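**Q** Predicted model, plus sequence, below.
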Amino acid sequence: MLIHPMRATWPMATVLIALMVTTACGWPTGRANPSTGPASGGRATTPASSPASGGRLTSPPAVACNPSSNTRVLSGPVAAYFWRSQDGCVTVSLVDAAGDLSTVTALATHAWQFTCQHDLWGGAAVANSGQTPGPAYSVTKDRIYWWDGHLIRSLDRGGNQGEVALDAGDQIGLEFAVSPDDARIVVTTIDFGRWPLHRTSWVEDFGTHANKSVIFEGDLPSDANSLNEGAPTGWPWGWQGARPVLYDFPVCALIAGDVFIAANHPRVVDPSSGTRIVTFPRCYGGTVTVGGVFCTTAPSTADNPFTARALSLFGWTGSQSTSWQLPYDTVACDSDLSPSGNRVLAYCEPNIYTQTQASTTRQFLFGAGPAVPPGIQQPVSLRWLDDDLVLESRTLSDPAGYRSAIYIWSLSRQATVAGPITIPGSYNRPRQWFNSAPPPTRLLA
């Protein structure tokens, strides 16, 4: 996701801006992708202290969303797909190992991109500079939850739908994560209508709003380097048992993404006080998973983190547990740990500056067992369904936007066991910066 920096001493903000050049060449954009915008910049300057003038980035869609649902009871392991299209619709789909599909399409009224309207770079304000990691949704053992701007809605494996009120202002960026037992929720909001930006994080009982604990409230730094690298934005990733997992993400920048940034300052915090219980080393080019944090590592990460030749897993103690060697310099890996924790699917993007002749084989399967089946046509961001079954998403493109066909593969049989399963609805952009297929799945246990 990041372009290889020429100097390791460059601030993170400057490195992030560099990726805009490549974005202009046609990389897809979305939740985990760089946005389009100018590639100019340099070392950021501290903005003036005048108030920000924030707001929604986009106006309400011209095409009305047509809510619908076709839900059913699913069994066994279930994968969740979350799409947001330009017509204002959210489409949530659950699929099980038999290929049975349960889906809901609903209106979504809340933007996840905002206008900072502030002089962060020594020139005119950048219109699309403020953002959250993406549309707010969360997956637990039995349900997927998503926020439509007024309600947290849900769909469970039994086909049941639910909703809980959660309102925020038009200039408020919001992310949340529901605990695995559906009992608690951690929420972070950032007010893009104030300057400095103001963050609030709290934990409460889900549904009743009882037993609320504010674990952080305060202004974010007002200089661009901090907002892009070290600002404690504290977005919820999920939960590790009964403890929230938070991570940082650049705000007031020219990017949007969470595959790379999800591993930026991840930590496990106390749900009552917000005190850090587990802190991970500074982590680049990886993902947070149920089994811990994946980072791409180089011989000297501090000198050049984007020529990594290894993928390392840090367990929930914060210590490195395993490392796997990579055959080329990589920028970032999108990784998924198998339910048993014994195998890893990783899609690693070569560094285009140092690895111009890198192998076209970018999907790796670490751990003992069968290889990735050769019949898989689009091996980008494969996801485990169970310890044997893997989901492949193939892009179907038409004038209305991207759609997807899902195939379920058995590694032991080296064959498909279900599919193609066409996910209803369409989306305009995939979530992952190197993924031309649809958004990656989130797994339900």
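**A** Received, thanks. As the structure is a computational prediction, the values presented were derived from the model and not from experiment.
**Q** Give me the pLDDT value at the residue nearest to residue 142 when sequence neighbours are not counted.
**A** Leaving aside its sequence neighbours, residue 142 sits nearest to residue 156 (CB to CB, 6 or more residues apart in numbering; 5.1 Å). No exception for glycine: its C-beta is placed from N, CA and C like everyone else's. Listed pLDDT for residue 156 reads 95.
**Q** before we move on, what about the one 5 residues further on?
**A** Model confidence at residue 161, given as pLDDT, is 97.
**Q** Can you pull out the low-pLDDT segments for the stretch 201-350 of the chain?
**A** Within the stretch 201-350 of the chain, the segments meeting pLDDT under 70 span 225, 228-230, 253-263, 299-305.
**Q** In stretch 278-289, which residues are buried?
**A** In terms of neighbour count (16 or more other CB atoms under 10 Å), stretch 278-289 has its buried residues at 278, 280-281, 283-289.
**Q** Check this structure for its longest strand and report it.
**A** Counting residues, the longest strand found in the chain (DSSP state E) is strand 320-337.
**Q** circling back to that earlier point, beta partners of the residue nearest to residue 142?
**A** Bridge pairing for residue 156 (DSSP bridges) gives the partners residue 143.
**Q** close enough to count as contact, residue 365 and residue 376?
**A** No - counting by CB atoms under 8 Å, residue 365 stays clear of residue 376, with 11.0 Å between them.
**Q** Show only the entries of the buried residues of stretch 278-289 found in helices.
**A** Among those, DSSP state H puts none in helices.
**Q** Filter the residues you listed down to the ones in strands?
**A** 278, 288-289.
**Q** continuing past the longest strand of the chain, what's the next helix or strand?
**A** Of the helices and strands lying after strand 320-337 in sequence (DSSP states H and E), the nearest is strand 344-350.
**Q** returning to that earlier point: need the buried residues of stretch 278-289 in a markdown table (columns: distance to residue 201).
**A** Shown next, in a markdown table, are those (distance: CB to CB, whole Å):
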| residue | distance to residue 201 |
| --- | --- |
| 278 | 17 |
| 280 | 18 |
| 281 | 23 |
| 283 | 20 |
| 284 | 24 |
| 285 | 26 |
| 286 | 23 |
| 287 | 22 |
| 288 | 17 |
| 289 | 22 |
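**Q** now the strands for the stretch 151-300 of the chain?
**A** Using DSSP state E, counting those that start in this stretch, the strands assigned to the stretch 151-300 of the chain run over residues 151-156, 161-165, 172-178, 184-191, 198-205, 213-219, 235-240, 243-247, 267-269, 276-279, 288-289, 292-297.
**Q** Make TSV out of these and add distance to residue 69.
**A** Listed next are those as TSV, based on distance: least, CB to CB, whole Å:
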stretch	distance to residue 69
strand 151-156	8
strand 161-165	7
strand 172-178	20
strand 184-191	23
strand 198-205	27
strand 213-219	35
strand 235-240	26
strand 243-247	30
strand 267-269	36
strand 276-279	39
strand 288-289	30
strand 292-297	35
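**Q** Out of those strands, indicate the one that is most buried.
**A** strand 292-297 (a mean of 26; mean count of other CB atoms under 10 Å).
**Q** orientation of that one relative to strand 320-337 in degrees?
**A** On the basis of axes from the mean of the first three to the mean of the last three CA atoms, to 10 degrees, strand 292-297 is oriented at 100 degrees to strand 320-337.
**Q** same for strand 292-297, what does it pack against?
**A** Strand 292-297 is packed against strand 308-314, strand 320-337, strand 344-350, with contacts defined by 3 or more CB pairs under 8 Å, 6 or more residues apart in numbering; DSSP states H and E.
**Q** what's the distance between the longest one and the middle of its chain?
**A** Mean C-alpha position of strand 320-337 versus that of the full chain (CA atoms, centre = their mean, to the nearest Å) differs by 18 Å.
**Q** cool, stretch 273-289 as well?
**A** 15 Å.
**Q** Please apply the same query to stretch 357-374.
**A** That offset, for stretch 357-374, works out to 23 Å (CA atoms, centre = their mean).
**Q** Now do the end-to-end distance for it.
**A** 22 Å (CA to CA, to the nearest Å).
**Q** any chance of the helices and strands packed on strand 292-297 in CSV, with distance to residue 372 and mean neighbour count too?
**A** Shown next, in CSV, are the helices and strands packed on strand 292-297 (distance: least, CB to CB, whole Å; neighbours: other CB atoms under 10 Å):
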stretch, distance to residue 372, mean neighbour count
strand 308-314, 16, 21
strand 320-337, 12, 20
strand 344-350, 8, 23
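**Q** Sweet, I'm off.
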